[in-house]
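1. just the structure for this:
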Amino acid sequence: MYIILSSSMKWLVPLLLLATSVSAQDGAAPAPPVQQVLLLQSLDRGNVTLDYQTAHFRVELDRLAGKPVNVVQFVVGPSGLAGASEQAIVAFIQSTFAGRPKPDLIVSLGGPAALFARKHRQKIFPELPLLLASVDVRVLGDAPLQDNETATLVAVNYAGLIEEIQQLLPRTKHVFMVMGSGALGQFWHRQLEQDFKRLARPVTFTWSDHLSLPEILSRCASLPPDSAIFYFMFGTDGSGAAYADEQVLSELHASANAPMFGAHGAFMGLGVVGGRLTPLDNLSRQSADVAVRLLNGAPASSLRVPVQTPGGYVFDWRELQRWEIPESRLPPGSVVRFRAPTLWQAYRRAVLTGIAALLVQSLLIAGLLYQRRARRQAESESRKNLTLAADASRRQTMAALTSSIGHELGQPLSSIMYNAQALDMMVSADRASPETIKEILSDIQSQGFRATQIIDRHRKMLRTHQLEKKPIDVHTVIGETMALVAHDMSTRHVEATVYLPSSRGVVSGDQVLLQQVFVNLLMNAMDAMAGTPPDRRHITVSTDVKSDAVAISVRDSGKGLPAEVDGRLFAPFVTTKAEGLGIGLTIAQTIVQAHGGTIDARNNPDGGATFTVTLARDSTHGIQ
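-> Numbers count the residues shown, from 1 in each chain. Down below sits the predicted model:
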């Protein structure tokens, strides 16, 4: 439990005095269930070092005692009770406990409270033990501790702190000392001036105890080069206005043009660069330990603890960066706090997730590239195999059409020979007129061109050929195909009907390979009609030109497709012929699929079968 009285609560004083008086008249209050400590505070709230120690002392007190301890707190320093006299403060404390159980221990915190407690302890529970907590050794001076007193003392070498600033900033020539006004400020002004006379490298000091806060901020914003600021304490400025340390530190940090230093660990993180700071945690813990021992009955004279000195070097990384102070200048063993986390430290999980995602993505990309390469290799092998298979199939087909080739070439060659003989006889008999000679030579030339076309057509079919797509008219392919098998159809007594619409069926494809497909389908149709009576052997070839595709159908009047090959007709080595190899339709299907088309077969209702090849129209050529 806290009872904190300060200058901001001066209107409560009369009410508390009245309540205390009434309470005393009503009789004694029941004994408190827990032990009670009277805490005399040096300064009102807002002093960083004392507020920090008070909070940690209270926490450590309960922890070390192992049970709650009531704390009744009074501010007895310069700002206590709105600047009331010390006698008034003593009277107020006395009236507060009038008719109530006395505290078990008196604890003063800070120098002003220690001086007040020692001066007035005979009026305030002289029989109680007194702990002078967190007191600088210079405040007590040469006055020895009494039998019922003990202290947790601290000794700060302020001259040494200035020398450490000079080591960190070797060019330092001027130090601006920020400290409060009043008796406390004047005391420390005198003490520090004496300390700084021992500096090995003297610097110029400017003291702020006579300045207002706006004047201090203005001075610190325009300090000469090679300056430093040392924040000692504040409280009230030269005009008598009270300010909290955190506010002053914040405004100094925002406006100052020089780095700022301090003496206590509580300043770390509030704008000071750092240094060999006094660890207030240890001091508060030490004070709480002594207080618990006194509450447990230990004589105060038996508790003499070592003087607390500054701890190790601690620096604020942000201030080092701001003032461009390299860490190489820091003393060995220095601790650097508030260091900006690295990317790994700040986003370790995100970095790991990103790395994992990149690895997965890389693996996927590698897999896709591998698959693409494998697919291209497979496509290349497929095209190579298609070329070899198609070449073998063409040669087999052309071997079967040998008689057709001979018959086709026989006619133009015979015509050429007969014309040549006739011309020779006419010339020998001197009966050849120029007109007759010209007519015979024209006929020879025409038949020679026809023979050349026949040879070229068959040569293309026999030549090893790679798939090469270009715009071609399906009707032209059908015409060339019909010419190749014309003699074979005549020999087998097969009639053919070709239905070609006026619209051109332009597709993107290879004329030789597509011609091979239709030759295969026509030869299969003729083979299917081998047992059909000659008068019924009929093949119908038709095309259906649509907006996006061209369908070419080859219909025969044979016995149709047997049921045992249903669904396997285009599989390798499946054939209905006694001497067939079963690869013709497989190659035909492969060629059609390489053109992005389809091929299917079905039996006709009136007998026979129909094979249909469907190819996509060439998008660059419209229907004509």
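
2. wait, a strand at residue 94?
-> No: counting by DSSP: H, G, I helix; E, B strand; the rest coil, residue 94 is located in no strand; its state is helix.

3. and it, how many neighbours does it have?
-> Number of residues near residue 94 (other C-beta atoms under 10 Å) recorded here: 13. Yep, even glycine has a C-beta here, placed from its N, CA and C like the rest.

4. surely it is in contact with residue 122?
-> No: assessed by C-beta atoms under 8 Å, residue 94 is found out of contact with residue 122, at 12.0 Å.

5. mind listing the helices for the stretch 101-250 of the chain?
-> Secondary structure of the stretch 101-250 of the chain (DSSP state H, counting those that start in this stretch): helices located at 111-120, 137-140, 158-168, 182-196, 213-221, 245-255.

6. whoops, the stretch 501-624 of the chain was the one
-> Counting by DSSP H, counting those that start in this stretch, the helices of the stretch 501-624 of the chain are 511-528, 584-594.

7. a markdown table please, covering these and showing mean pLDDT.
-> Shown next, in a markdown table, are the helices of the stretch 501-624 of the chain (pLDDT from 0 to 100):
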| stretch | mean pLDDT |
| --- | --- |
| helix 511-528 | 87 |
| helix 584-594 | 83 |
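
8. just these: most buried one?
-> Among the helices of the stretch 501-624 of the chain, helix 511-528 has the highest mean neighbour count (mean count of other C-beta atoms under 10 Å), at a mean of 23.

9. quick one, which of the helices of the stretch 501-624 of the chain is nearest to residue 63?
-> Checking the helices of the stretch 501-624 of the chain against residue 63 by C-beta to C-beta gives helix 584-594 as the closest, at 84.6 Å.

10. and the angle for that closest one with helix 511-528?
-> 150 degrees (axes from the mean of the first three to the mean of the last three C-alpha atoms, to 10 degrees).

11. care to break this protein down by domain?
-> 7-154, 158-277+310-339, 345-370, 467-624 (automatic domain parsing).

12. of those, which shows the lowest average pLDDT?
-> Least confident of these, judged by mean pLDDT, is domain 7-154 with a mean of 80.

13. quick revisit: dump the domains of the chain to JSON lines, plus distance to residue 378.
-> Shown next, in JSON lines, are those (distance: least, C-beta to C-beta, whole Å):
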{"stretch": "domain 7-154", "distance to residue 378": "76"}
{"stretch": "domain 158-277+310-339", "distance to residue 378": "57"}
{"stretch": "domain 345-370", "distance to residue 378": "12"}
{"stretch": "domain 467-624", "distance to residue 378": "13"}
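
14. so which of the ones you listed is nearest residue 286?
-> Comparing the domains of the chain by C-beta to C-beta, domain 7-154 comes nearest, at 5.1 Å.

15. so of the helices of the stretch 101-250 of the chain, which one's packed in deepest?
-> Of the helices of the stretch 101-250 of the chain, helix 111-120 is the most buried (mean count of other C-beta under 10 Å), at a mean of 21.

16. for that one, name the packing helices and strands.
-> Contact partners of helix 111-120 among helices and strands, from 3 or more C-beta pairs under 8 Å, 6 or more residues apart in numbering; DSSP states H and E: strand 36-41, helix 86-96, strand 105-109, strand 130-136, helix 137-140.

17. ok, back up a step: and residue 146, which of the helices of the stretch 501-624 of the chain is closest to it?
-> Taking the helices of the stretch 501-624 of the chain one by one with C-beta to C-beta, helix 584-594 is closest: 110.9 Å.

18. wait, residue 600 sits on residue 612?
-> Yes: Residue 600 is within contact range of residue 612, at 5.7 Å (criterion: C-beta under 8 Å).

19. so these two - more neighbours on which side?
-> More neighbours surround residue 612 than the other of residue 600 and residue 612, with 17 against 13 (other C-beta under 10 Å).

20. identify the residues contacting the more buried one.
-> 551-554, 599-602 (C-beta atoms under 8 Å, 6 or more residues apart in numbering).

21. not counting sequence-adjacent ones, nearest residue to it?
-> Using C-beta to C-beta, 6 or more residues apart in numbering and skipping residues adjacent in sequence, the residue nearest residue 612 is residue 553, 4.8 Å away.

22. again, but for residue 77
-> Nearest to residue 77 is residue 112, by C-beta to C-beta, 6+ apart, at 3.7 Å.

23. tell me which residue lies farthest from the centre of this protein.
-> Distance from the centre of the chain peaks at residue 429, with 102.7 Å (C-alpha atoms, centre = their mean).

24. which stretch among the helices of the stretch 101-250 of the chain comes nearest residue 608?
-> Residue 608 sits nearest to helix 245-255 of all the helices of the stretch 101-250 of the chain, at 100.2 Å, using C-beta to C-beta.

25. following element in sequence after the closest one, please.
-> Next in sequence after helix 245-255, counting helices and strands by DSSP states H and E, comes strand 260-261.

26. which neighbouring elements make contact with that following strand?
-> strand 227-231, helix 245-255.

27. so of the contacts of residue 612, which ones are in strands?
-> 551-554, 599-602 (DSSP state E).

28. any chance of JSON lines for the helices and strands packed on helix 111-120, columns distance to residue 223?
-> Shown next, in JSON lines, are the helices and strands packed on helix 111-120 (distance: least, C-beta to C-beta, whole Å):
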{"stretch": "strand 36-41", "distance to residue 223": "34"}
{"stretch": "helix 86-96", "distance to residue 223": "39"}
{"stretch": "strand 105-109", "distance to residue 223": "34"}
{"stretch": "strand 130-136", "distance to residue 223": "28"}
{"stretch": "helix 137-140", "distance to residue 223": "28"}
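
29. for residue 589, which of the ones you listed is the nearest?
-> strand 130-136 (98.3 Å).

30. direction included, what does the closest one pair up with?
-> strand 105-109 (parallel), strand 149-154 (parallel) (DSSP bridges).

31. let me have those in CSV, extended by distance to residue 174 and mean neighbour count.
-> What follows is the strands paired with strand 130-136, written out as CSV (distance: least, C-beta to C-beta, whole Å; neighbours: other C-beta atoms under 10 Å):
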stretch, distance to residue 174, mean neighbour count
strand 105-109, 34, 26
strand 149-154, 28, 24
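
32. reformat those strands as TSV; add distance to residue 260.
-> Compiled in TSV, those are given as follows (distance: least, C-beta to C-beta, whole Å):
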stretch	distance to residue 260
strand 105-109	25
strand 149-154	21
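
33. quick one: closest of those strands to residue 131.
-> strand 105-109 (4.6 Å).

34. show me what the closest one is in contact with.
-> 35, 37-42, 50, 53-54, 57, 76, 114, 116-117, 121, 124-125, 128-135, 287, 291, 294-295.

35. over to stretch 187-201?
-> Contacts for stretch 187-201 (C-beta under 8 Å, 6+ apart): 138, 157-159, 162-163, 166, 177, 179, 202, 205, 207, 209, 232-233.

36. nearest to residue 151 among those residues?
-> residue 138 (12.9 Å).

37. for the closest residue to the closest one other than its chain neighbours, give its distance to residue 154.
-> Of all residues not flanking residue 138 in the chain, residue 191 sits nearest, at 5.6 Å (C-beta to C-beta, 6+ apart). Distance check for residue 191 against residue 154: by C-beta to C-beta, to the nearest Å, it reads 14 Å.
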